[in-house]
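Peer 1: give me a 3D structure for the following:
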Amino acid sequence: MIDKVAVLGLGTMGGAMAERLHAAGLEVWVWNRTASRADPFRGRGFHIADSAAEAVAAVDAVVTMLFDADAVRSVMTQALPAHGDGLIWMQSSTVGTLAAREFATMAEQAGVGFVDAPMLGTKGPARAGTLTALVAGAAPDIESLQPVLDAVSSRIVRVGDAAPAASALKLAANAWIATITAGICQSLTIAERLGVEPGLLLRALDGTGPDSPYAQLKGREVLARRFDPQFEVEGILKDVRLAREETPRISHTLLDALDELYSDAVEAGLGREDIAAVWSAFQREER
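Peer 2: Numbering: from 1, shown residues only. Predicted structure coming up:
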């Protein structure tokens, strides 16, 4: 059973997952491309690796939680040759199906187990250990990873026995997240422009069939103009584009609109803000 794990990538999600793994009693190695990101972990019982290869060499499992496929590819190309016997790679970055399949092949060629395991959830659930893990991989590898999955998630959705099934489901889920967030921002703007107190929209929807806790959450953030990043605009824009690139045979009308809206928010300097900042795209005056 796994008791030593490395987390590569200490951003919002990776850092929170490392904290949960440590709190669960696992021996945790951490590494980040920007070394200062590891500073909060010093002197607290974490092992701070000087390189991704050093981290991978010391553990039974490695979790990658990096921004995109290019970052994962670069890091693991350097790290995989240093792996010890029995290493399992839990790939939790949102990278799309093509990259997930590529990374599974990389792992196989290196003699490493591979589990496609992107996470549903943002900063709050990551800190609380209540993420939803979407998991595809060989049953023995998933069973070995159970201590890791238990530490970071409260729900596990088994998607299949191999990559890229879990990454496919993650793209579908994130397309919905992008849609519902943009949708509530649009409706709040419509209410406001038509002279209605926008908060009444959330009150009217509350408890009805079309309502959702997520729409209420994002709506409240917009009303408060509070965009502290839980899921950054740059991240959802990347995922919208991945979903479009990897589904060439469906209509992209909605994905194109989402791309434009989230791109507008990035161009307005809000790329590192929470995705609710897409509200800004609806404030633009059209001629």
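Peer 1: assign a three-state SS to residue 7, would you?
Peer 2: State at residue 7, reduced to three classes by DSSP: H, G, I helix; E, B strand; the rest coil: strand.
Peer 1: how about the closest residue to it other than its chain neighbours, what does it touch?
Peer 2: Spatial nearest neighbour of residue 7, excluding adjacent residues (Cβ to Cβ, 6 or more residues apart in numbering): residue 18 at 4.2 Å. Backbone N, C-alpha and C define where each C-beta goes, glycine included. Listed by Cβ atoms under 8 Å, 6 or more residues apart in numbering, the contact partners of residue 18 are 7, 10, 28, 30, 41, 46.
Peer 1: what's the answer for residue 55, then?
Peer 2: Taking Cβ under 8 Å, 6+ apart, we find residue 55 in contact with 6, 8, 29, 30, 31, 47, 49, 62, 79.
Peer 1: could those be laid out in JSON lines, adding secondary structure, neighbour count and pLDDT?
Peer 2: Shown next, in JSON lines, are the contacts of residue 55 (DSSP: H, G, I helix; E, B strand; the rest coil; neighbours: other Cβ atoms under 10 Å; pLDDT from 0 to 100):
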{"residue": "6", "secondary structure": "strand", "neighbour count": "28", "pLDDT": "98"}
{"residue": "8", "secondary structure": "strand", "neighbour count": "27", "pLDDT": "98"}
{"residue": "29", "secondary structure": "strand", "neighbour count": "24", "pLDDT": "98"}
{"residue": "30", "secondary structure": "strand", "neighbour count": "26", "pLDDT": "98"}
{"residue": "31", "secondary structure": "strand", "neighbour count": "27", "pLDDT": "98"}
{"residue": "47", "secondary structure": "strand", "neighbour count": "16", "pLDDT": "97"}
{"residue": "49", "secondary structure": "coil", "neighbour count": "23", "pLDDT": "97"}
{"residue": "62", "secondary structure": "strand", "neighbour count": "28", "pLDDT": "98"}
{"residue": "79", "secondary structure": "helix", "neighbour count": "25", "pLDDT": "97"}
